[in-house]
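Chemist: give me a model of this one.
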Amino acid sequence: MPSSSAAPATQRLRLWWRRLGRRGATAGAAAFVAALLAAAFFLALSPDASAPATSAPSYGHRLATLVDLTLVDGAKDKGAVCLDGTPPGYHWLPGFGEGSDKWLLHLEGGSWCRNLTVCGQRKKTNLGSSDYMERRVEFVGILSDDELQNPDFYNWNKVKVRYCDGASFSGNVEDEFQDGTSFYFRGQRIWEAVMRELLSKGLSRAKEAFLMGCSAGGLSTYIHCDDFRALVPKASTVKCLADGGFFLDVKDISGRRYMRSFYNDVARLQDVRKKLIHCSSDMEPGQCFFPREVAKGISTPVFILNPAYDVWQVEHVLSPEGSDPERLWENCRLDITKCDAEQLETLQGFRRELLDAISDFKKKKDWGMFIDSCYIHCQSMNPLTWHSPSAPRINNKTIAEAVGDWFFNRREVKEIDCEYPCNPTCHNTVLSRRVQGSMTAFSAVSFW
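Modeler: Coordinates of the predicted model:
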């Protein structure tokens with residue numbers, strides 16, 4: 001991704017100035033001038049300061065809109081609470097113009113917690129408590145209100161629903177005490193409480209509605225897609241999009257089904273099986289949690305947005321902790337360009353597993369898909385990958401263009417990219433060692 005040493009600092013100053021907002025023009029102006037001078041001095045001393053500047057990609061005409069957090073009213077009374085008992089929250093950016101009666105809801109991702117130890121850790125983060133959630137977040141990518149960045153949905157009502165239950169909004173355990181410690185596994189109630197409040201704010205009158213989510217929020221989208229359709233019967237069009245949420249039930253490099261074991265623990269801990277009505281009695285509960293099984297029962301049109309080489313799945317599904325004791329995969333996990341020929345063939349096999357898993361859904365005329373050959377995870381909430389001059393493309397279409405074409409029935413969209421490394425437009429993730437190996441740490445910093 002093109003960048004320059006000065007650009008990030010300048011952008012941070014501009015964002016700081018915007019957030020300063022209402023604190024007073026006089027004091028703010030003085031502080032801003034001082035900060036600007038300090039930044040100029042720092043950049044002058046920077047070893048990169050003399051290097052030719054490279055302009056950042058132009059993907060909009062202004063800074064991202066900051067949207068305040070709203071805590072759900074009366075959620076505690078209904079038992080619809082985060083892991084620690086605090087009320088859930090969401091960020092709502094009202095629509096305008098022709099988009100005032102159209103709604104787009106994004107379900108936040110952030111992995112899952114499989115046991116009380118990890119769930120206890122999440123209680124001290126934004127993934128388990130609204131006490132730790134940012135009070136304002138930037139709306140970018142598919143949530144942007146900038147027409148250049150988000151041409152089809154910029155003026156819609158847009159909502160980001162925060163994730164704090166640890167099981168993709170699907171658990172519903174009545175007992176709040178686990179081994180003598182208070183835990184609230186109430187994702188299903190959170191879903192219901194948030195939807196109830198949004199319906200009262202205008203969602204019930206939506207003419208078009210779009211549910212989407214990233215990663216664990218993508219799995220949530222598969223789980224709740226038909227529920228969402230039932231909530232807005234007056235809407236002429238209701239569709240769903242799952243971004244980076246098609247997790248695979250495959251063997252890892254050591255021959256184990258690590259992810260199935262992981263999902264078994266999540267499903268048992270939060271009793272999600274009763275939500276997954278498609279699940280047959282002869283299946284393990286974790287099997288029922290995979291999108292391939294969940295999606296079989298969905299009647300609402302869904303768009304599958306997934307990289308064929310999902311960086312999160314390569315680390316946590318294909319080569320999870322414990323599967324590589326000699327650390328032969330370490331460099332490959334960090335950077336796909338460091339994979340050797342044998343590892344690349346394993347990754348191609350992973351891609352083939354994905355294409356096989358989605359093959360039945362490809363046959364559905366009203367479903368869509370965009371499977372690029374990039375080494376990345378979520379792409380709809382990133383302004384560079386969603387819609388920009390440097391965005392990944394298949395058949396010369398950005399993700400935003402493909403999704404818009406599908407949602408508005410401009411064409412059938414079943415875009416399947418060629419094998420890596422065929423697509424020069426990809427943005428491929430390069431991980432650092434400090435986040436590698438921890439499912440919770442990686443999800444916390446990388447899920448939108």
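
Chemist: do you have the helices of this structure handy? List them.
Modeler: 6-20, 25-45, 116-122, 187-200, 216-231, 258-270, 291-294, 311-313, 330-334, 341-357, 359-362, 383-386, 399-407, 439-446 (DSSP state H).

Chemist: show the average pLDDT along the fourth one.
Modeler: Which is helix 187-200. Taken as a whole, helix 187-200 carries a mean pLDDT of 98.

Chemist: that one packs against which elements?
Modeler: If contacts are counted by 3 or more Cβ pairs under 8 Å, 6 or more residues apart in numbering; DSSP states H and E, helix 187-200 sits against strand 89-93, helix 216-231. Backbone N, C-alpha and C define where each C-beta goes, glycine included.

Chemist: strand 89-93 and that one, what's the angle between them?
Modeler: 30 degrees (axes from the mean of the first three to the mean of the last three Cα atoms, to 10 degrees).

Chemist: how about the fifth one?
Modeler: Going by the same axes, to 10 degrees, helix 216-231 is angled at 70 degrees with respect to strand 89-93.

Chemist: got the angle between helix 216-231 and helix 258-270?
Modeler: 50 degrees.

Chemist: for helix 216-231, packing partners?
Modeler: Checking 3+ Cβ pairs under 8 Å, 6+ apart, helix 216-231 ends up next to strand 102-107, helix 187-200, strand 208-214, strand 237-243, helix 291-294, strand 302-310.

Chemist: tabulate these (TSV), appending distance to residue 178 and mean neighbour count.
Modeler: Below are the helices and strands packed on helix 216-231 laid out as TSV (distance: least, Cβ to Cβ, whole Å; neighbours: other Cβ atoms under 10 Å):
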stretch	distance to residue 178	mean neighbour count
strand 102-107	25	26
helix 187-200	15	21
strand 208-214	26	27
strand 237-243	30	26
helix 291-294	26	21
strand 302-310	31	26
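
Chemist: can you put these in JSON lines and add distance to residue 74?
Modeler: Shown next, in JSON lines, are the helices and strands packed on helix 216-231 (distance: least, Cβ to Cβ, whole Å):
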{"stretch": "strand 102-107", "distance to residue 74": "20"}
{"stretch": "helix 187-200", "distance to residue 74": "8"}
{"stretch": "strand 208-214", "distance to residue 74": "23"}
{"stretch": "strand 237-243", "distance to residue 74": "26"}
{"stretch": "helix 291-294", "distance to residue 74": "30"}
{"stretch": "strand 302-310", "distance to residue 74": "32"}
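
Chemist: touching, residue 166 and residue 83? I think so.
Modeler: Yes: at 5.9 Å, residue 166 and residue 83 qualify as touching, with contact defined as Cβ atoms under 8 Å.

Chemist: joint contacts of the two?
Modeler: 113, 119, 122, 128, 185 (Cβ atoms under 8 Å, 6 or more residues apart in numbering).

Chemist: send the alpha carbons of stretch 254-267 over as PDB?
Modeler: Provided in PDB are the C-alpha atoms of stretch 254-267 (Å, rounded to 0.1, in the frame of the first residue of the first chain):
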ATOM      1  CA  SER A 254      -1.100 -31.800  11.900                       C
ATOM      2  CA  GLY A 255      -4.200 -33.700  10.800                       C
ATOM      3  CA  ARG A 256      -6.500 -32.400  13.600                       C
ATOM      4  CA  ARG A 257      -9.800 -30.700  13.200                       C
ATOM      5  CA  TYR A 258      -8.700 -27.900  15.500                       C
ATOM      6  CA  MET A 259     -11.500 -25.400  14.500                       C
ATOM      7  CA  ARG A 260     -14.200 -28.000  15.000                       C
ATOM      8  CA  SER A 261     -12.900 -28.700  18.500                       C
ATOM      9  CA  PHE A 262     -12.800 -25.000  19.200                       C
ATOM     10  CA  TYR A 263     -16.400 -24.500  18.000                       C
ATOM     11  CA  ASN A 264     -17.500 -27.500  20.100                       C
ATOM     12  CA  ASP A 265     -16.300 -25.700  23.200                       C
ATOM     13  CA  VAL A 266     -18.000 -22.400  22.200                       C
ATOM     14  CA  ALA A 267     -21.300 -24.200  21.300                       C
END
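
Chemist: can you tell me what sits against that stretch?
Modeler: 112-115, 166-167, 247-252, 272-273, 276, 284-290, 316-317, 320, 322-324.

Chemist: need the distance between the two termini of stretch 364-383.
Modeler: 29 Å (Cα to Cα, to the nearest Å).

Chemist: for that stretch, give the mean pLDDT please.
Modeler: pLDDT averaged over stretch 364-383 gives 98.

Chemist: what comes up buried for that stretch?
Modeler: Neighbour-count burial for stretch 364-383 flags 367-383 (criterion: 16 or more other Cβ atoms under 10 Å).

Chemist: contacts only, for residue 160.
Modeler: Counted by Cβ under 8 Å, 6+ apart, residue 160 has contacts 67, 90-91, 106, 108, 137, 139, 143.

Chemist: quick one: which of those is most hemmed in?
Modeler: residue 143 (30 neighbours; other Cβ atoms under 10 Å).
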